[in-house]
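J.: whatever this is, show me its structure:
(chains A and B)
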Amino acid sequence: MSPDHKDTLVKSSTRHTRAFKASRKRQLQNNLLLCVPALLVLALAAVGPLLIVLVYTFLEAGPYGGVVWQWSFEGWFEVFLKRDIFDGTVSIADAHLSIFWRSFKLSIQSTLLALVLGFPTAYFIATRPAATRNLWLFLITIPFWTNLLIRTFAIMQLIRDQGILNTLLIGFGVIDTPIEMLYTEFSIMLGMTYVYLPLMVLPLYASIEKLDFRLVEAAYDLYAGRLKVLFRIIVPLVKPGIVAGCILVFIPSLGAYVTPRVLGGGKNLMLGNLIELQFGQGRNWPLGAALSITLLCVVMISLLFYVRSTQRKEADRG
Amino acid sequence: MNNLIFRFLSVVFACLFASAVHGAGELHIFNWGDYTSPELVEKFENEHDVKVTITDYDSNETALAKVRPGGHGFDVVVPTSTHLPIWIEEGLLLETRPDQMENFQHVSEQWRNPDWEPGRRYSVPWVWGSSGISVNTSMYDGDINTSKLFFDPPQELAGKINIVPEMGDVIHMAIFYEGGDSCTSDKEVLKRVRDLLVNAKANWKSIDYGTKEKLVSGDVAVSMNWNGYSMRARTENPDIRYGYAVEGYPLWMDNVVVLKDAQNVENAKMFQNFLMAPENAALISNFANYANAIDGSEAYMLEELRTATEVMIPAEFQGSGQFIPPCPPDVQQMYTAIWTELQK
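T.: Presented below is the predicted three-dimensional model:
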């Protein structure tokens, strides 16, 4: 809107300018007023609860869950450090760190796997005739029709020791004893990749669809090989889609709760499960709140990374 | 046209909000999953013209966390003996005085004055049971009455064990295995407990609920389990047996209480009284396969229940079981640290 307005401004006489300024001011006021309900909802529903979580991190844990209104840094202390219950020495909280590391590692793995699977899929869809693309996209969204929990349980049936996959493999004589897949880190990774794959395909599709394929033809004309075309022409041009897809998969993976809970068999805790433990059987709400804020910070850092990488992109173009 | 839409919307809104209002003649029960006999519910609904709804939870902590903030809409909850004192102490319960109710006379002498709630001013017994060892005997034919199967299993069981994620039960079985007392704060014992559990974890396939499905399908050969649930697994797979750990095992009782912010107090009290009648207590047992605390209910109980080793603890194992009180917060903190260490 502003370029138009600028044009108008330049063209109009001063008499008009004053009238325009007045109406613009009124319009701004109206816009602001119209925004008030949305801002209120945001403040109440997003910022408010977050503030409560933040305040809870600085309180003392209630004896049977909940908090006592007594300032304490114990919650934050316990995120990173632990007091040995036997001799009272303070050391790094290796239990928390290894759970952090597992969440991080599995999220990265899922993201990469989703990228490897999602890129060819998106490319395939984007190169279909325009009329059939919508059908393919529609197929991608079909899994969303079923509840996440049910889909996760279905994966469980596929990969359990007596499950379909192992029964088939044994039936065809490929293996003798079932491959142990369920309740391992592998099954969590597989589950998260499956669940978040559409979030990778859709942004990738959006940017591949906009790709100017004449550039690809030109590259071939200049004797570039297939790999060179992929990595020198296509990937750089669809990079915003790749980054967006990776962020969309990585962030929910990091905080995943249901998938590790069902497919990890309680042996392979991720951050979401660790946080739940503190609010439940652990009876340590301040620690749970502090862990949540820590997770939030990790996500924010990932997002900042995304924003900066896309901004650099813009700057390069400009 | 607009008028039509407006009328349609107002009907929709009316429906939406009408269902949120609690009418008379309702009772909202918040109980463990797969635990409430449908027959019992139907009988209560017919006798007292009350509409009953049931919502599930899977752990005492979940129940406590959901009820504490209020606005939950539940009338009746069924906390375990280990947690009931917390509910009372936190002021969440209504003192309904079951000890003065008509059917209290049927409550067996030994359950009238339990340690966890002397005098029964709040709670009515639901059922009681033990935490023990379920074994698929087609996969393992050794002695099943020892918690060695969890903590120091023979080679053939490695990777075929499931442990229920009930912190109190798991830690106490390990404490008993190491010769300690319930709620112990003895650091020597707890150190051994931690090492025992951390080393044993390598042999465990999962730390999860859903024990019946896992045992019946043969995904695991051994699982920590509750006696009644083990018996229900046996009805689906006859090879499944229930063992009592000679080293010591936890006993527990679930208790029916009424919440302070209940909407249907009279119905809830009626339900408490209803549950103490022998024929009704028997319905709970017949469904969940646990023993109840009501004298005279045996006459209404299924034959297989009266002879099942899961329900009637064999004499030689009776001495090893004990009820566990809620542990003090500082002890609880040590247990949580061990538990986190175990789950990392």
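
J.: list the residues that contact residue 87.
T.: By default, I'm working from chain A. A:Asp87 makes no contacts at all, as judged by Cβ atoms under 8 Å, 6 or more residues apart in numbering or on different chains. For the C-beta atoms, the positions are set from N, CA and C on the backbone; glycine is no exception.

J.: wrong chain, I was asking about chain B
T.: B:64, B:77, B:79, B:93, B:257.

J.: identify the bridge partners of the fourth one.
T.: By that I understand B:Leu93. With DSSP bridges applied, B:Leu93 shows beta-bridge pairing to B:Leu259.

J.: got a list of what it touches?
T.: Here B:Leu93 is in contact with B:87, B:122, B:257-260 (Cβ under 8 Å, 6+ apart).

J.: got those residues as a markdown table, with distance to A:Ala219 and pLDDT columns?
T.: Shown next, in a markdown table, are the contacts of B:Leu93 (distance: Cβ to Cβ, whole Å; pLDDT from 0 to 100):
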| residue | distance to A:Ala219 | pLDDT |
| --- | --- | --- |
| B:Trp87 | 71 | 94 |
| B:Tyr122 | 78 | 97 |
| B:Val257 | 74 | 97 |
| B:Val258 | 76 | 97 |
| B:Leu259 | 71 | 97 |
| B:Lys260 | 74 | 95 |
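
J.: quick one: least confident of the contacts of B:Trp87?
T.: Least confident entry in those, by pLDDT: B:Leu64, with 90.

J.: in which helix or strand does that residue reside?
T.: Assigned by DSSP states H and E, B:Leu64 belongs to helix B:60-67.

J.: report whether that helix contacts chain A.
T.: Yes. Shown here: helix B:60-67 in contact with chain A (Cβ under 8 Å from any Cβ of the partner chain) through B:61-62, B:64-65.

J.: just these now: which is nearest chain A?
T.: When those are compared for distance to chain A (Cβ to the nearest Cβ), B:Glu61 wins out at 4.0 Å.

J.: which non-adjacent residue is nearest the closest one?
T.: A:Gly280 (4.0 Å; Cβ to Cβ, 6 or more residues apart in numbering or on different chains).

J.: and for B:Glu90?
T.: A:Tyr64 is the one closest to B:Glu90 (Cβ to Cβ, 6+ apart), at 6.5 Å.

J.: now do the helices in the stretch 201-344 of chain B.
T.: B:211-217, B:227-236, B:265-275, B:278-288, B:303-307, B:315-318, B:329-343 (DSSP state H, counting those that start in this stretch).

J.: quick check: which helices or strands does the longest one pack against?
T.: The criterion is 3 or more Cβ pairs under 8 Å, 6 or more residues apart in numbering or on different chains; DSSP states H and E, and the helices and strands that helix B:329-343 contacts are helix A:94-126, helix A:271-279, helix B:167-177, helix B:187-200.

J.: buried set for the longest one?
T.: Residues A:95-96, A:99-100, A:102-104, A:106-111, A:113-115, A:118-119, A:121-123, A:125-126 are the ones in helix A:94-126 that count as buried (16 or more other Cβ atoms under 10 Å in any protein chain shown).

J.: near chain B too, which of these?
T.: Among those, chain B is touched by A:95-96, A:99 when using Cβ under 8 Å from any Cβ.

J.: can you list the residues of chain A near chain B?
T.: Residues of chain A lying near chain B (Cβ under 8 Å from any Cβ): A:63-66, A:82, A:85-86, A:94-96, A:98-99, A:160-162, A:180, A:182-183, A:265-267, A:269, A:274, A:277, A:279-284.

J.: which ones among those are found in strands?
T.: A:Lys82 (DSSP state E).

J.: of the residues of chain A next to chain B, grab the buried ones for ChimeraX.
T.: Selection of buried members from these for ChimeraX, criterion 16+ other Cβ under 10 Å:
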select /A:63,64,65,66,82,85,95,96,99,160,161,182,183,265,266,267,269,274,277,279,280,281,282,283,284
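
J.: residues of chain B that sit close to chain A?
T.: Counting by Cβ under 8 Å from any Cβ, chain B sits next to chain A at B:59, B:61-62, B:64-65, B:68, B:86, B:89-90, B:159, B:165, B:167, B:187, B:190-191, B:201, B:204-208, B:217-219, B:329, B:332-334, B:336-341, B:343-344.

J.: now, of those, which are buried?
T.: Buried members of these, counted by 16+ other Cβ under 10 Å: B:59, B:61-62, B:64-65, B:86, B:90, B:165, B:167, B:190, B:201, B:204-208, B:217-219, B:332-334, B:336-341, B:343-344.

J.: any stretches of the chain with poor pLDDT?
T.: Just so you know, I chose chain A. A:1-16, A:312-318 (pLDDT under 70).

J.: chain B was what I was after
T.: In chain B, residues with pLDDT under 70: B:1-24.

J.: if we can go back for a sec, ok, the residue nearest to B:Glu90 - contacts?
T.: A:283, B:64, B:86, B:89-90, B:329.

J.: just to revisit the earlier point, ok, the contacts of B:Leu93 vs B:Pro98, which is closest?
T.: B:Tyr122 (7.3 Å; Cβ to Cβ).

J.: roughly how far does the residue positioned nearest the centre of chain A sit from chain B?
T.: With distances taken as Cα atoms, centre = their mean, the residue of chain A nearest its centroid is A:Ile251 (2.5 Å). A:Ile251 is 23 Å from chain B, where distance means Cβ to the nearest Cβ, to the nearest Å.

J.: the residue of the stretch 101-250 of chain A found nearest chain B and B:Lys205, how far apart?
T.: Distances between the stretch 101-250 of chain A and chain B by Cβ to the nearest Cβ are smallest at A:Tyr183, namely 4.6 Å. For A:Tyr183, the distance to B:Lys205 equals 6 Å [Cβ to Cβ, to the nearest Å].

J.: so what are the domain limits for chain A?
T.: A:1-53, A:93-317 (automatic domain parsing).

J.: which of these sits most buried?
T.: Among those, ranked by average contacts under mean count of other Cβ atoms under 10 Å in any protein chain shown, first place goes to domain A:93-317 (a mean of 17).

J.: tally of neighbours for B:Val170?
T.: 23 (other Cβ atoms under 10 Å in any protein chain shown).

J.: for it, what are its contacts?
T.: Applying Cβ under 8 Å, 6+ apart, we find B:Val170 in contact with B:163-164, B:197, B:224, B:339.

J.: same check, this time on A:Ala256
T.: A:Ala256 makes contact with A:107, A:188, A:192, A:270, A:272 under the criterion Cβ under 8 Å, 6+ apart.

J.: can I assume the second one sits in a strand?
T.: No. When DSSP: H, G, I helix; E, B strand; the rest coil is applied, A:Ile188 is found to be helix, with no strand at that position.

J.: secondary structure class of the nearest residue to A:Gly62 once chain neighbours are set aside, three-state.
T.: Distance criterion Cβ to Cβ, 6+ apart; nearest residue to A:Gly62, sequence neighbours excluded, is A:Val68 at 5.2 Å. Three-state call for A:Val68 (three-state DSSP): strand.
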